[in-house]
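Peer 1: Build me a structure from this.
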Amino acid sequence: MNDNLKNFLVSIIPGKTLSYLYLAQPSQAIKIESLKLVYIPIPKVANRSIKSCLAHELDMPYVISAHKAKWDLIPIHQLPLEQYYTFAFVRNPLDRLVSCYNQKFKQGNTNRLFWKYGKILNPRMSFAEFASFVVDTPDALSDRHFKSQHTFLYHNNHRVTDFIGRFELLDEDWDKLALRFKLPPLPHFNKSSRKEMREYYDLNLAEKVSSRYKKDIELLGYQENTDQLLNELQ
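Peer 2: Numbering: from 1, shown residues only. Modelled structure (predicted):
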């Protein structure tokens with residue numbers, strides 16, 4: 001859909017109505033037949049770096065970004081696949097939300113990326129305003145950039161991945177996959193200079209965001225990190 005059509009829809013349809021378009025966007029995984037490998041990309045978790053590495057290994061051409069490569073996509077509800085090794089990477093949910101804000105708002109991508117929310121989201125929003133919007137938005141109506149990570153990794157309450165790496169241990173965990181599947185080292189994209197995570201939160205906001213992502217925090221092993229942040233903010 002081109003930008004002119006997006007802008008027209010935003011001008012005539014309330015953002016609350018537009019947001020229901022997210023219900024028709026099921027999450028997808030990348031199937032790599034030659035390696036018998038499946039990658040579940042989670043935005044704001046080294047997604048571009050991993051795609052670039054895989055595209056390089058497969059000698060797959062693309063323009064500008066590996067996001068644009070012609071991947072073999074399958075719905076996550078079809079996973080797991082027999083004889084395929086499925087992996088994903090996850091990130092501290094509170095830190096992921098900060099990363100989303102810094103890249104998508106501070107770099108001026110808000111209207112292009114979040115147009116389905118109409119004028120509810122705008123480039124001038126503070127992090128607290130954006131986080132409050134996310135807290136009030138259920139996963140079913142959430143853009144994939146701030147949708148709960150467990151929704152990518154679980155289907156009918158069963159985990160569909162063989163391996164889950166951590167953004168906080170990115171190179172170390174990637175090396176485990178690289179050794180097994182003979183993959184090249186991981187490039188790093190979208191590096192940014194930003195304040196420490198606790199500079200974006202006060203105690204009240206951190207508690208609300210932690211509650212919003214409670215299932216991620218529990219399932220993905222970020223309870224200790226979250227408790228530490230809350231203690232620092234008291």
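
Peer 1: For the residue nearest the centre of the chain, which residues are in contact?
Peer 2: For the chain, P43 is the residue whose C-alpha lies nearest the centre (CA atoms, centre = their mean; 2.4 Å). If a contact means CB atoms under 8 Å, 6 or more residues apart in numbering, then P43 has 100, 144-145 as its contacts. (Glycine included, C-beta is placed from N, CA and C.)

Peer 1: Out of these, list just those in helices.
Peer 2: Here DSSP state H is the test, and the contacts of P43 give C100 as lying in helices.

Peer 1: Strands along the chain, start to end?
Peer 2: 28-32, 37-40, 73-75, 85-90, 154-155, 158-159, 163-166 (DSSP state E).

Peer 1: For D59, which of the ones you listed is the nearest?
Peer 2: Among those, strand 28-32 comes nearest to D59, with 12.3 Å by CB to CB.

Peer 1: burial of G165, as a residue count?
Peer 2: Using other CB atoms under 10 Å, the number of residues around G165 comes to 22.

Peer 1: for I64, same thing?
Peer 2: By other CB under 10 Å, neighbour count at I64 equals 6.

Peer 1: Same question for I76.
Peer 2: 20.

Peer 1: Could you export the strands of the chain as CSV, including distance to L5 and mean pLDDT?
Peer 2: What follows is those, written out as CSV (distance: least, CB to CB, whole Å; pLDDT from 0 to 100):
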stretch, distance to L5, mean pLDDT
strand 28-32, 23, 96
strand 37-40, 30, 98
strand 73-75, 23, 95
strand 85-90, 32, 98
strand 154-155, 33, 92
strand 158-159, 38, 94
strand 163-166, 38, 98
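
Peer 1: So for S49, which of these sits nearest?
Peer 2: Closest to S49 of these is strand 85-90 (CB to CB; 9.5 Å).

Peer 1: circling back: just the buried subset of the contacts of P43, please.
Peer 2: When burial is judged by neighbour count using 16 or more other CB atoms under 10 Å, the buried members of the contacts of P43 are 100, 144-145.

Peer 1: before we move on, the earlier item: among the contacts of P43, which one lies nearest to P123?
Peer 2: Taking CB to CB as the measure, C100 is the one of those closest to P123, at 13.6 Å.

Peer 1: Check the gap between that closest one and L113 for me.
Peer 2: Remark: distance between C100 and L113 (CB to CB, to the nearest Å) = 10 Å.

Peer 1: Now for the two: what residues contact both?
Peer 2: H145.

Peer 1: how long is stretch 188-196 from one end to the other?
Peer 2: 19 Å (CA to CA, to the nearest Å).

Peer 1: That one - what's its average pLDDT?
Peer 2: Here stretch 188-196 scores 70 as its mean pLDDT.

Peer 1: Check stretch 2-11 too.
Peer 2: For stretch 2-11, the mean per-residue pLDDT is 78.

Peer 1: just to revisit the earlier point, rebuild the strands of the chain as CSV, extending it with distance to L21.
Peer 2: As requested, the strands of the chain are exported to CSV (distance: least, CB to CB, whole Å):
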stretch, distance to L21
strand 28-32, 16
strand 37-40, 22
strand 73-75, 17
strand 85-90, 25
strand 154-155, 22
strand 158-159, 28
strand 163-166, 29
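
Peer 1: and E82, how many neighbours?
Peer 2: 5.
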